[in-house]
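K.L.:
Sequence and predicted structure are below.
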Amino acid sequence: MTSVFVDSRWVGGAKAAAAWLMSGWTPSRAPVVGERRQEAERPAIERIRNLIGWRRSQNLVGRRYGQRGLRVGPAGSPEPGLTTLEAHDGRRLVGTLSVRMDGPDGLAADASFPEELLALRAKGRRLCEFTRFAMDMENSSKHALASLFHLAHLVAHHIKQADLLVMEVHPRHAPFYRRMLGARRLQVGQNETVQAPSVLLCLDLKFGQEQIRKFGGRPELAEEVRSLYPYFHAPSEEPALIERLRAEA
């Protein structure tokens, strides 16, 4: 299905889509486990600035989703205004995530929830979504996932001035985002592309910033807080990260 994480179409019918969705991320099976790696390790996060980097990241997207019966729609070059991040462990690419800002062409979630997004825009909310997300499950860690989300947050909230993240996910996956990021459910609907149910979630980026200030850089609190925020960078690191992201634009 077209979701917050990937602009795509399924290979096969609705049964294949449902099978993949039902076997995907759940609260008891996090997107990135990486328990065999040392949690203290943090990957290098870079902003893609050229076509070579874009194609490298999209090869990972295509490979990971292809393994789940999902074919990513072809994109020979990034769309204008799309910010793509990569996570590297040495020379190994372990993850990628793109940030899309709202604009004349709207967001991927508009296809399933046009009225809800129009209502948010009417309230003056500046929307964004994360898309084309993929992780190398065997070689990544919670720090890799958290770093990608943290820098995407910095791009969306601090650089692009968005204040609300919207996400379209399968109902089975919604509890993970609600617990790990504090996302809130707005509406339940149907994704007509794959004839599967979907949930529209939102995350107030100001709330996210508050969680980073409280828990960022404190992984020892992860079990107590039970969210992804303790694996984020420490708040004191944010100015340097924002400066680097701006320089890489």
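P.N.:
Happy to help now that I have it. Residues are numbered from 1 along each chain as shown.

K.L.:
give the contact list for the residue lying closest to Leu107 once chain neighbours are set aside.
P.N.:
Excluding its sequence neighbours, the residue lying closest to Leu107 (C-beta to C-beta, 6 or more residues apart in numbering) is Glu129, at 4.9 Å. C-beta here means a position set from N, CA and C on the backbone, and glycine is covered the same way. Counting by C-beta atoms under 8 Å, 6 or more residues apart in numbering, Glu129 touches Val4, Val99, Arg100, Leu107, Ala108, Ala109, Leu165, Val166, Met167.

K.L.:
For my notes, please list the residues you listed in TSV and give distance to Arg184 and pLDDT for each entry.
P.N.:
Output for the contacts of Glu129, formatted as TSV (distance: C-beta to C-beta, whole Å; pLDDT from 0 to 100):
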residue	distance to Arg184	pLDDT
Val4	14	45
Val99	20	94
Arg100	20	93
Leu107	17	93
Ala108	19	86
Ala109	14	88
Leu165	11	97
Val166	10	93
Met167	10	87
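
K.L.:
Name the nearest of those relative to Leu120.
P.N.:
Taking C-beta to C-beta as the measure, Val166 is the one of the contacts of Glu129 closest to Leu120, at 7.4 Å.

K.L.:
Tell me the secondary structure of that closest one, please.
P.N.:
Three-state assignment for Val166 (DSSP: H, G, I helix; E, B strand; the rest coil): strand.

K.L.:
Who are the contact partners of the spatially closest residue to Thr83 that is not a sequence neighbour?
P.N.:
Of all residues not flanking Thr83 in the chain, Val99 sits nearest, at 4.4 Å (C-beta to C-beta, 6+ apart). Each residue near Val99 by C-beta under 8 Å, 6+ apart is listed here: Leu82, Thr83, Thr84, Leu85, Cys128, Glu129, Phe130, Thr131, Ala152, Val155, Ala156, Lys160.

K.L.:
Return the member of those nearest to Leu245.
P.N.:
Nearest to Leu245 among the contacts of Val99, with distances taken as C-beta to C-beta, is Val155, at 6.0 Å.

K.L.:
That closest one against Thr83, yeah?
P.N.:
Yes - the pair Val155 and Thr83 passes the contact test of C-beta atoms under 8 Å, sitting 5.0 Å apart.

K.L.:
so what's in contact with these two at the same time?
P.N.:
With C-beta under 8 Å, 6+ apart as the test, Val155 and Thr83 both reach Arg47, Val99.

K.L.:
of those two, who's got more company?
P.N.:
Val155 (26 against 22; other C-beta atoms under 10 Å).

K.L.:
sec struct for that one, please.
P.N.:
Assignment for Val155 (three-state DSSP): helix.

K.L.:
mind checking how far it is from Ala144?
P.N.:
17 Å (C-beta to C-beta, to the nearest Å).

K.L.:
got it, and Asp204?
P.N.:
25 Å.

K.L.:
all helices of this protein, in order?
P.N.:
In the chain, the helices defined using DSSP state H lie at 14-22, 51-66, 114-122, 142-153, 174-180, 205-215, 222-225, 238-247.

K.L.:
what about this structure, any weak spots by pLDDT?
P.N.:
Filtered on pLDDT under 70, the chain yields the residue ranges 1-41, 68-74, 139-140, 187, 189-196, 249.
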